[in-house]
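> Attaching a predicted model along with its sequence, questions to come.
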Amino acid sequence: GLRVLEALAASGLRSIRFAKEVPGLRLVVANDFSARAVDLIARNVAFNGVGALVAPRMADARMVMYQSKADREPFDVIDLDPYGSPAPFLDAAVQAVSEGGLLCVTCTDMGVMAGNSAETCYSKYGAVSLKGKFCHEMALRIILHSLDSRANCYQRFVVPLLSVSADFYVRVFVRVFTGQAKVKASASKQALVYHCVGCGTHHLQRLGKVTTLTPPALTPPLCPRPQLGGPVWAEPLHDPAFVGRVLAALEGSPGRFQTQERMRGVLSVVTEELGDVPLYYTLDGLSSTIHSNTPSLLQIRSALLHAGFRVSLSHACKNAVKTDAPPAVLWDIMRCW
Ligand SMILES: C[S@@+](CC[C@H](N)C(=O)[O-])C[C@H]1O[C@@H](n2cnc3c(N)ncnc32)[C@H](O)[C@@H]1O
């Protein structure tokens, strides 16, 4: 059976749901450092009759995780759902999770991650955030970068299964593996982001062993006011096979979740996102730059497809266009429009 740690459990609601809804668990540790919270967890566990599976615990989450490493009793799943930033817990979490185990991490400090406080973002996540239209996807790429670089310190690396931006938070699900050779590849999975504040054009430059050195192709129609952000995770955000299995499981049990339709909508867009095209443009961003009416998604999509490029939506923003077309092509299309 699997060992699960809900490191920041508050009422224990999530741990109780794990115990009741996920088959094959051996133990769920529901931890919080607040005595009131742990008292509540104990009452909720008893009330729901899951005392055989859920163990309430009162400790600093970091201590629980470092101790599990010292005792060689890693957790197969660690859930981090903090108020604000998970940054203080990442170092312990990447060490305390078992080989191939799952980390589920929420960030609610979206102001920091979306460019309102780029310096704070750097101090917490080791990446400079940018205030671009693509900021929600960039937030996902910042936390993935941070997780991978913490894991790298211990010869480990992350493999994202699913990365979701929703409402006021982002949440990522990554597996953690160990391997010296693979860790060496991590540098070139990260990229700096060039971004023109004037027109929103962006360009990613990967780090490490450079395979393609493309000069920042910022060819804006207005003023070139470049900003440099990152490094961010430049690899795919999701594992399409995994997301497909989650979707199939959802379809297989209709009515099981109240939010079924929303989950299906998000996951369907996720499966269609261009995995190898980081970030996106928004229709209103493109049109406001050139002071035109906003074209419809269908019109932009058709123009890009006709020009021979790929295009998709993004679950992170309803107005978004992801495309492998170079910025110059996108701006040509906008000029024609
Ligand atoms: C956002 S709440 C968790 C909500 C919960 N996961 C849920 O789904 O209902 C964050 C919790 O983390 C706890 N917390 C904050 N820092 C902690 C630490 N260093 N160690 C343990 N618990 C901590 C707080 O007491 C609070 O209850």
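Cool, the structure landed.
> Where do the domain boundaries of the chain fall?
Per the record, the chain has its domains at 2-272, 281-335, by the TED database.
> closest point of the stretch 201-337 of the chain to the ligand, which residue?
Thr259 (14.6 Å; Cβ to the nearest ligand atom). Yep, even glycine has a C-beta here, placed from its N, CA and C like the rest.
> Where does pLDDT dip in this structure?
Along the chain, the parts satisfying pLDDT under 70 run over 209-224.
> Strands of that one, start to end?
With DSSP state E as the criterion, the chain has strands at 2-6, 25-32, 54-58, 75-80, 97-107, 156-166, 169-178, 190-196, 202-206, 226-233, 281-282, 311-314, 317-323.
> Can I get the fourth one in CSV? Just the C-alpha atoms.
What that stands for is strand 75-80. Provided in CSV are the C-alpha atoms of strand 75-80 (Å, rounded to 0.1, in the frame of the first residue of the first chain):
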residue,chain,number,x,y,z
PHE,A,75,6.3,8.9,1.2
ASP,A,76,4.9,7.7,-2.1
VAL,A,77,2.7,10.9,-2.3
ILE,A,78,3.3,14.2,-0.7
ASP,A,79,0.7,16.9,-0.9
LEU,A,80,1.7,20.6,-0.3
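> Show the contacting residues for Arg175.
By Cβ atoms under 8 Å, 6 or more residues apart in numbering, the contact list for Arg175 reads Gly100, Gly101, Leu102, Leu103, Val158, Val159, Leu161.
> nearest to the ligand, of these?
Leu103 (14.2 Å).
> how deep is that closest one tucked in, by neighbour count?
Neighbour count for Leu103, taken as other Cβ atoms under 10 Å: 25.
> Equivalent analysis for Leu147, please.
Residues lying near Leu147 (other Cβ under 10 Å) number 25.
> Next, give phi and psi for the closest residue to Lys189 other than its chain neighbours.
Excluding the flanking residues, the one nearest Lys189 by Cβ to Cβ, 6 or more residues apart in numbering is Glu235, at 4.8 Å. Dihedral pair for Glu235: phi -90, psi 170, per degrees, to the nearest 10.
> oh, and call the first residue 46 from now on, that's how I've got it
OK, 46 is where the count begins now, so the last one is Glu280.
> Tell me how many other residues surround Glu280.
Glu280 has 20 neighbouring residues, counting by other Cβ under 10 Å.
> hang on, isn't it packed against Ala236?
No - look at Glu280 against Ala236 with Cβ atoms under 8 Å: they stay out of range, at 9.3 Å.
> okay but Val311 is in contact with His360, surely?
Yes - Val311 lies in contact with His360 (Cβ under 8 Å); the separation is 5.1 Å.
> Overlap of the contact sets of these two?
Counting by Cβ under 8 Å, 6+ apart, the common neighbours of Val311 and His360 are Val209.
> So for these two, which residue has more residues nearby?
When Val311 and His360 are compared for neighbours, His360 comes out ahead with 23 against 17, by other Cβ under 10 Å.
> residues touching the more buried one, list them.
His360 sits next to Val209, Ser210, Val311, Val314, Val315, Glu318 when contact means Cβ under 8 Å, 6+ apart.
> Throw those into a markdown table and include distance to Arg62, thanks.
Output for those, formatted as a markdown table (distance: Cβ to Cβ, whole Å):
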| residue | distance to Arg62 |
| --- | --- |
| Val209 | 18 |
| Ser210 | 22 |
| Val311 | 19 |
| Val314 | 25 |
| Val315 | 22 |
| Glu318 | 28 |
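> Give the buried residues for stretch 153-161.
By 16 or more other Cβ atoms under 10 Å, the buried positions in stretch 153-161 come out as Thr153, Asp154, Met155, Val157, Met158, Ala159, Gly160.
> Now for those residues: which two are most distant?
Maximum pairwise distance among the buried residues of stretch 153-161 (Cβ to Cβ): 15.9 Å, between Thr153 and Gly160.
> The residue of the stretch 246-382 of the chain closest to the ligand - how many residues pack around it?
Neighbour number of Thr304 under other Cβ under 10 Å is 9.
> same check, this time on Met108
Neighbours of Met108 (other Cβ under 10 Å): 12.
> Same check on Gly94?
11.
> Go ahead and confirm Met379 touches Asn338.
No - at 10.9 Å, Met379 does not count as touching Asn338 under the criterion of Cβ under 8 Å.
> between the longest helix along the chain and strand 271-278, how many degrees?
Using DSSP state H, we find that the single longest helix of the chain is helix 180-197. Counting by axes from the mean of the first three to the mean of the last three Cα atoms, to 10 degrees, helix 180-197 points 50 degrees away from the direction of strand 271-278.
> Helix 180-197: how far from the chain's middle?
Put simply, helix 180-197 sits 7 Å off its chain's centre (Cα atoms, centre = their mean, to the nearest Å).
> Repeat that for stretch 72-82.
Counting by Cα atoms, centre = their mean, stretch 72-82 comes out at 25 Å from the chain centroid.
> residues in contact with that stretch?
46, 48-57, 60-61, 63-64, 83, 86, 90, 98-106, 109, 120.
> So which of the residues you listed reach the ligand?
Leu53, Ala54, Ala55, Ser56, Asp105, Ala106 (Cβ under 6 Å from any ligand atom).
> Great, nothing more from me.
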